[in-house]
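J.: next come a sequence and a model predicted from it.
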Amino acid sequence: MQSSVSAPTRRPPASAARSHAALGLVVVLMAAFFAALAPSSAHAADELLSQGRPATASSTESGTFPASAAVDGNTGTRWSSAFSDPQWIRIDLGSVQQISRVTLNWEAAYATAFQIQTSTDANTWTTVHSTTTATGGTQNITISGSGRYVRLYGTARATPYGYSLYEFQVYGPGGTSAAPDDFWGDTSGIPPASNAVEVKILNRTNGKYPDSQVYWSFNGQTHSIAEQPYLDMPANSAGRMYFYLGSPNGPYYDFIEFTVGNNVFNGNTTRVDAFGLKLAMRLHSKDGYDVEVGENRQTFAEDRATTFQRFIDAVPSQFDVLAQTQAPYRIIAPGSDPSFRAGGANANYFTAYAQSVGVNAATSDIFGCAASLAGNPNMCAALNRHVATLPSSQQSDPAQFYKAAPANYYAKFWHDNAINNLAYGFPYDDVAGRSSFISHADPQWLLVAVGW
């Protein structure tokens, strides 16, 4: 499992006649009676809709302060942005919901000017609250609106630092969810785990393979999902679960990575080595945490050949070979291709750019965060994302990533086609919280979707 070490940046704490009077009394009593019958809009009737939902931000100060920390229900963790304006954080509620209020629990680095916005598609936004005179602390904001996505859009900071939230909570009446998600299916029948977490494998090959030809393999067990769609996963120090299409050890395969404790799941989908199969996983915990990562729905819905061709169309010509040499089975990572290694046509792809920031490393080592970069996650990420020459405050801003060559366009493709744009495209892709890593205590079940 890939990981990085990011040092947290600390900052300072942060009437007249009797008949008329009688009539007036009747009116008042009737009004009071009907008011008592009217539904209450008290906050106590609201449901917390946001906790544990997928959260995405325009940037993070470092991997220590991810967007997910603002929706984890823990006031000891926080999201913190890059030190620039504007910045945003958005929550995916999973379906269109009525929104009644938002609570913002700010750290010392708060916004003086911001907007609360809603959207049904994360592209077109409606502003439902706006202020330029906010004072931080804990703000309870009454909202009237609806949307699947709720975004805090900050335009002015109170301090030289970024925007920092302990918690971003969205409330509403609930009960307005759309129909069950056809992609993940009905989760009500998942049996309780006797061990650490119950894993269910889903066939999402769009009819290309029957359940009897979708296999999973873990810890010496291999089964088709027609035989056994569930695995009661025990605690393990480090592991991979492999998936195969067609036969139990066929050429169409891929894997997820994880470590599982007695009371915690840590895992990710990965493209660090290669793309083999479309994979997505959804972790649900007993406290309501529910997060999904991996390839997005559009990618799952299309044919495999279309995905390979879109990759070729999306990347610069030097990267086309990655989808050709092992097609139709794999799209390999650039650090594994001979053309980007010593003696290859693209061996010097990163050389000049790396040297401009004082790094003397082979192109393949930059793609793989190896050799001298193995202990320098921030620099390796900055080189792959082509932000190494930018001020450090901008190097964690996803809006700046992959805007010019040289860059890891292989990784960019998987981010562009991932749920919430989170992917593991190179070993230190978790810098600034951009990877597909998910971790939570009290795991209840894990769904893994296997696609074609």
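T.: Nice, thanks for sending it over.
J.: could you list the low-pLDDT ranges of the stretch 101-250 of the chain?
T.: Residue ranges of the stretch 101-250 of the chain with pLDDT under 70: 175-181.
J.: swap the cut-off to 50 and go again
T.: 176-180 (pLDDT under 50).
J.: how about the strands in it?
T.: Applying DSSP state E, counting those that start in this stretch to the stretch 101-250 of the chain gives strands spanning 111-119, 126-131, 138-157, 164-172, 197-204, 214-218, 221-224, 230-233, 236-245.
J.: out of those, which is closest to residue 60?
T.: strand 164-172 (10.4 Å; C-beta to C-beta). All C-beta atoms are positioned from the backbone trio N, CA, C, and that covers glycine.
J.: could I get the CA-only coordinates of that closest one as PDB?
T.: What follows is strand 164-172, C-alpha atoms only, in PDB (Å, rounded to 0.1, in the frame of the first residue of the first chain):
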ATOM      1  CA  SER A 164      -9.600  25.200   7.900                       C
ATOM      2  CA  LEU A 165     -12.700  23.300   9.100                       C
ATOM      3  CA  TYR A 166     -13.000  20.800  11.900                       C
ATOM      4  CA  GLU A 167     -16.500  19.900  10.700                       C
ATOM      5  CA  PHE A 168     -18.700  20.800   7.800                       C
ATOM      6  CA  GLN A 169     -22.200  19.500   8.600                       C
ATOM      7  CA  VAL A 170     -25.300  19.500   6.300                       C
ATOM      8  CA  TYR A 171     -28.700  18.900   7.800                       C
ATOM      9  CA  GLY A 172     -32.100  18.300   6.200                       C
END
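J.: between it and strand 111-119, how big is the angle?
T.: 40 degrees (axes from the mean of the first three to the mean of the last three C-alpha atoms, to 10 degrees).
J.: tell me the angle strand 164-172 makes with strand 138-157.
T.: Using the same axes, to 10 degrees: strand 164-172 against strand 138-157 is 120 degrees.
J.: buried set for stretch 62-76?
T.: 62, 63, 64, 65, 66, 67, 68, 69, 70, 71, 72 (16 or more other C-beta atoms under 10 Å).
J.: touching it from outside, list them.
T.: 4, 6-9, 50-57, 60, 77-80, 89, 91, 105, 164-169, 287, 289, 291, 396, 430-433, 440 (C-beta atoms under 8 Å, 6 or more residues apart in numbering).
J.: which among the residues you listed end up buried?
T.: For those, buried by 16+ other C-beta under 10 Å: 4, 6, 50-57, 60, 78-80, 89, 91, 105, 164-169, 289, 291, 396, 430-433, 440.
J.: for residue 280, helix, strand, or coil?
T.: For residue 280, the assignment made with DSSP: H, G, I helix; E, B strand; the rest coil gives strand.
J.: for residue 202, see how far away it is.
T.: Residue 280 sits 9 Å away from residue 202, going by C-beta to C-beta, to the nearest Å.
J.: give me the common contacts of those two.
T.: 448, 449.
J.: who's more crowded, those two?
T.: residue 280 (26 against 20; other C-beta atoms under 10 Å).
J.: verify the contact between the more buried one and residue 294 for me.
T.: Yes - taking contacts as C-beta atoms under 8 Å, residue 280 lies within contact range of residue 294: 3.1 Å.
J.: give the residues shared as contacts by these two.
T.: With C-beta under 8 Å, 6+ apart as the test, residue 280 and residue 294 both reach 269, 419, 449.
J.: please name the residues that touch the first one.
T.: Going by C-beta under 8 Å, 6+ apart, residue 269 touches 256, 279, 280, 281, 293, 294, 295, 423, 424, 436.
J.: one more time with 6 Å, if that's ok
T.: Residues in contact with residue 269 (C-beta atoms under 6 Å, 6 or more residues apart in numbering) are 256, 279, 293, 294, 436.
J.: equivalent analysis for the second one, please.
T.: If a contact means C-beta under 6 Å, 6+ apart, then residue 419 has 292, 293, 294, 296 as its contacts.
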